[in-house]
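Engineer: Need the 3D shape of this:
(chains A and B)
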Protein chains: 2
Amino acid sequence: MFEFTLDATDGRARAGVWRLPHGPVETPCFMPVGTQGTVRALSPRDLAGCGASLVLANTYHLHVRPGEETVQRLGGLHRFMAWPGPLLTDSGGFQVFSLEGRRRVSEEGVEFQSHVDGARRSLTPERAVEIQWRLGADVAMAFDHVIPGPSGREAAADAAARTLRWLVRGRERFAALAREEPERQTLVPILQGGIFPDLRREALAGVLEAGPWRALAVGGLSVGEPKPQMAEVLADLETVLPPRLPRYLMGVGFPDDFVAAVAGGMDLADCVAPTRMGRNGAAFTDDGQVNIRNARHREDEAPLDPGCDCETCTTFSRGYLRHLFAAEELLGLRLLSLHNVRYLIRLAARAREAIRGGSFDGWSRAWLARYRSREQA
Amino acid sequence: MFEFTLDATDGRARAGVWRLPHGPVETPCFMPVGTQGTVRALSPRDLAGCGASLVLANTYHLHVRPGEETVQRLGGLHRFMAWPGPLLTDSGGFQVFSLEGRRRVSEEGVEFQSHVDGARRSLTPERAVEIQWRLGADVAMAFDHVIPGPSGREAAADAAARTLRWLVRGRERFAALAREEPERQTLVPILQGGIFPDLRREALAGVLEAGPWRALAVGGLSVGEPKPQMAEVLADLETVLPPRLPRYLMGVGFPDDFVAAVAGGMDLADCVAPTRMGRNGAAFTDDGQVNIRNARHREDEAPLDPGCDCETCTTFSRGYLRHLFAAEELLGLRLLSLHNVRYLIRLAARAREAIRGGSFDGWSRAWLARYRSREQA
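Structural biologist: You can find the predicted model right below:
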């Protein structure tokens, strides 16, 4: 269990399979985000129809509402969400550090006020592991100290060092919990270090020393820093990452960011973009983003994306989808979210196929050129 | 085409089949309402899964947005909504008469301001028929003069007389349009007359004289008058309705109103209640309404309605559904709407079965007693 098999590589891009208790995950893999235990506007049946394998939920959100005890009493996260496939819970680090002005950080952990009811709560490396064990996802994430993208060297070094100390504490608690059920869940460490390649390398060395691990996550990127900086950090880090572990790039991304991440040797990524953009009326296509609210779609009989096999594209015209958004109908939010999730999952499958066929470099360049060539509206 | 076959009667209750261009409609039939060309929060696939046959859309709403020309250019209402089954469009009478303070009624028709953009528009008996012909539903409704439920005798008599004069004008326009395609659509007259049995009988005589028709609709009920008064009017009217035509009771209703309507000899009914109540967190069950927001469902593993076969009830716990409403997740609105629509469609099917088996009276009494016996929360 939790083994990662590398099927093929092409340049730095990799195709593999990660075996998790609730099923295998083919990589590259795009993971839809179900923050509150539901991928917004989509049902589990929709997700299965999109070809989703590994789905995310959030520890912070489920802890403050409905609470991990409730999820546990309702049969655990898989039963709760009615998602029979693999699940991953983020640790809540990113969320509590986002509660600017409503949180206090110490070596022990983070005290914060719930965004739901203002109640004082705290998350520590141990608590984050305990909550996630109760939720019961296939993959749990270690509790990390997240800093804003443009932070300076000192702040980044401090946060990375603390993240490492917290990792060791979380690992101890996890080892105690998992002793009797080692096949139930794996804990994945998160690499911090901001935009400083040497800090990233240092963090990796520390994390590997605290192992063994079944996967590595790269956190603290795509959080406001310039894109070239993120690319530089990733490119350097990739050269020292152990090839045998799957690599999860957190919070990425839009289709072009996703393809760039795969090209840079990443295996898994998640982002709320497909559902959030979908609710705003923006759809991903090979020709770039389509804004369905635009008047030019008013009487367009064509599907949203002629190349797509999702329920939205095989059933409805752009004209109808535009009408749903103009009339503020709930079905519109769902249909565009559905398409965008399917688009990214299919994009990951296309990347995988190209890697296995040894044509990833050409495919990704052609895809990117087309995606960025047209400014659709 | 448009023929109605009566399969069985049991007391005043009737079971039949109405043949429409896009498929047969078994009666009693509950029709989900897709006001703006979408049954709120549900996809056509959801509707098919609920066993929907005849689905409603609204002439007023589609006329002001996106406009019937747009619907026509996008392939007509069936293609637009992607609903391959039978469709019915309401005439818009009810909606324009609801625009209190923004409409002017004359013998010619109704001038009104669009609720979307404030533009001045008008509906006449002829225009309502033309718009519906363009939309292309299987069933079009004649344009009627709707008055508030508690209106006096004089207002009711005036409105009924005008509705009859408008019916004759609409019929002429419809006959001209349908000459070359008589199998495409049928126009159904609406009986008015308020809460006065003699005015209702008079209206019926006038309507039948203006025929022939393939169905009759009873309008202007369930619009604010006391329920016993509505029952009285219906009971009297039923004794003089021709048995060979299907009878559509407009805007009814909640499950108990629907069963009462079937008991009173009605064949078809529509209501926004299942979707509107569902979005408010209220679910229909044989034991009355369940309010899923109630704290007592917090850790309830049971399905919303153990007797139901819908996606919601076969997939999710009450605890999860409550969480979706507490967290204001879109999926909750959809899942409760889906259940309620399925509940009413299944209720119609159960009524039909009881009628065919000669046990309707006992079944409906037992159902009603149970439905009203518990005050669920």
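
Engineer: Please count neighbours and contacts with C-alpha atoms only from this point.
Structural biologist: Fine.

Engineer: next helix or strand past the helix or strand encompassing A:Met277?
Structural biologist: Following DSSP states H and E, one finds A:Met277 within helix A:273-279. Sequence-wise, the next helix or strand downstream of helix A:273-279 (DSSP H and E) is strand A:282-285.

Engineer: Who are the packing partners of the helix holding A:Met277?
Structural biologist: If contacts are counted by 3 or more C-alpha pairs under 8 Å, 6 or more residues apart in numbering or on different chains; DSSP states H and E, helix A:273-279 sits against strand A:282-285, helix A:330-356.

Engineer: Please identify which of those is closest to chain B.
Structural biologist: Chain B sits nearest to helix A:330-356 of all these, at 5.0 Å, using C-alpha to the nearest C-alpha.

Engineer: Please list the residues of chain A that sit near chain B.
Structural biologist: Within reach of chain B by C-alpha under 8 Å from any C-alpha of the partner chain, chain A has these residues: A:36, A:38, A:40-43, A:65-66, A:70, A:73-74, A:80-82, A:298-301, A:315-317, A:319-320, A:323, A:327, A:329-331.

Engineer: Buried among the residues you listed? Make that a ChimeraX selection.
Structural biologist: To isolate the buried ones among the residues of chain A next to chain B in ChimeraX, judged by 16 or more other C-alpha atoms under 10 Å in any protein chain shown, type:
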select /A:36,38,40,41,42,43,65,66,70,73,74,80,81,82,298,299,300,301,315,316,317,319,320,323,327,329,330,331
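
Engineer: among the residues of chain A next to chain B, which are in helices?
Structural biologist: Here DSSP state H is the test, and the residues of chain A next to chain B give A:Thr70, A:Arg73, A:Phe80, A:Met81, A:Thr315, A:Gly319, A:Tyr320, A:His323, A:Leu330, A:Leu331 as lying in helices.

Engineer: Who are the contact partners of the first one?
Structural biologist: When you say that, I think you mean A:Thr70. Shown in contact with A:Thr70 (C-alpha atoms under 8 Å, 6 or more residues apart in numbering or on different chains): B:Arg298, B:Glu299.

Engineer: those helices in the stretch 51-200 of chain A, which residues are they?
Structural biologist: Secondary structure of the stretch 51-200 of chain A by DSSP state H, counting those that start in this stretch: the helices cover A:59-64, A:68-73, A:76-81, A:93-98, A:125-135, A:153-178, A:197-209.

Engineer: Excluding sequence neighbours, find me the nearest residue to the closest residue to chain B within the stretch 101-250 of chain A.
Structural biologist: Here the residue of the stretch 101-250 of chain A nearest chain B is A:Val116; by C-alpha to the nearest C-alpha that distance is 9.0 Å. Leaving aside its sequence neighbours, A:Val116 sits nearest to A:Val64 (C-alpha to C-alpha, 6 or more residues apart in numbering or on different chains; 7.1 Å).

Engineer: Next one: that neighbour from A:Asp117, what distance?
Structural biologist: The spacing between A:Val64 and A:Asp117, counted by C-alpha to C-alpha, to the nearest Å, is 9 Å.

Engineer: got the contact list for stretch A:210-218?
Structural biologist: Contacts for stretch A:210-218 (C-alpha under 8 Å, 6+ apart): A:2-4, A:167-168, A:186-192, A:245-250.

Engineer: Kindly report the same for stretch A:331-340.
Structural biologist: A:40-42, A:46-47, A:50, A:274-284, A:310-313, A:321, A:324-325, B:38, B:40-43.

Engineer: what does stretch A:34-54 give?
Structural biologist: With contact meaning C-alpha under 8 Å, 6+ apart, stretch A:34-54 is reached by A:23-26, A:29-33, A:55-58, A:61-62, A:77, A:80-83, A:85-88, A:275, A:310, A:333-334, A:337-338, A:341-342, A:345-346, B:327, B:329-331.

Engineer: how about the residue nearest the centre of chain A, what does it touch?
Structural biologist: Residue closest to the average C-alpha location in chain A (C-alpha atoms, centre = their mean): A:Asp270, at 1.9 Å. Residues near A:Asp270 by C-alpha under 8 Å, 6+ apart: A:Phe30, A:Met31, A:Pro32, A:Val33, A:Leu56, A:Leu249, A:Met250, A:Gly251, A:Val252, A:Gly253.

Engineer: Give me the neighbour count for the residue lying closest to the fourth one once chain neighbours are set aside.
Structural biologist: Same thing as A:Val33. Distances taken as C-alpha to C-alpha, 6+ apart put A:Leu56 closest to A:Val33, at 4.7 Å, once the chain neighbours are dropped. Neighbours of A:Leu56 under the rule other C-alpha atoms under 10 Å in any protein chain shown: 23.

Engineer: how much space between A:Leu56 and A:Asp270?
Structural biologist: For A:Leu56 relative to A:Asp270 (C-alpha to C-alpha), the value is 8 Å.

Engineer: Then A:Gly37?
Structural biologist: Counting by C-alpha to C-alpha - A:Gly37 and A:Asp270 are separated by 15 Å.

Engineer: Other residues contacting the least confident helix or strand in chain A by mean pLDDT?
Structural biologist: Ranking every helix and strand in chain A by mean pLDDT, DSSP states H and E puts helix A:93-98 at the bottom, with a mean of 90. If you take C-alpha under 8 Å, 6+ apart as the criterion, helix A:93-98 is touched by A:Tyr60, A:Arg103, A:Val110, A:Phe112, A:Phe143, A:Asp144, A:His145, A:Val146, A:Ile147.

Engineer: got a pLDDT number for the last one?
Structural biologist: Okay, so that is A:Ile147. If you check A:Ile147, the pLDDT there is 89.

Engineer: Which residues are in contact with it?
Structural biologist: Contacts here follow C-alpha under 8 Å, 6+ apart; on that basis A:Ile147 touches A:Phe97, A:Ala155, A:Ala156, A:Ala159, A:Gly194, A:Gly220.
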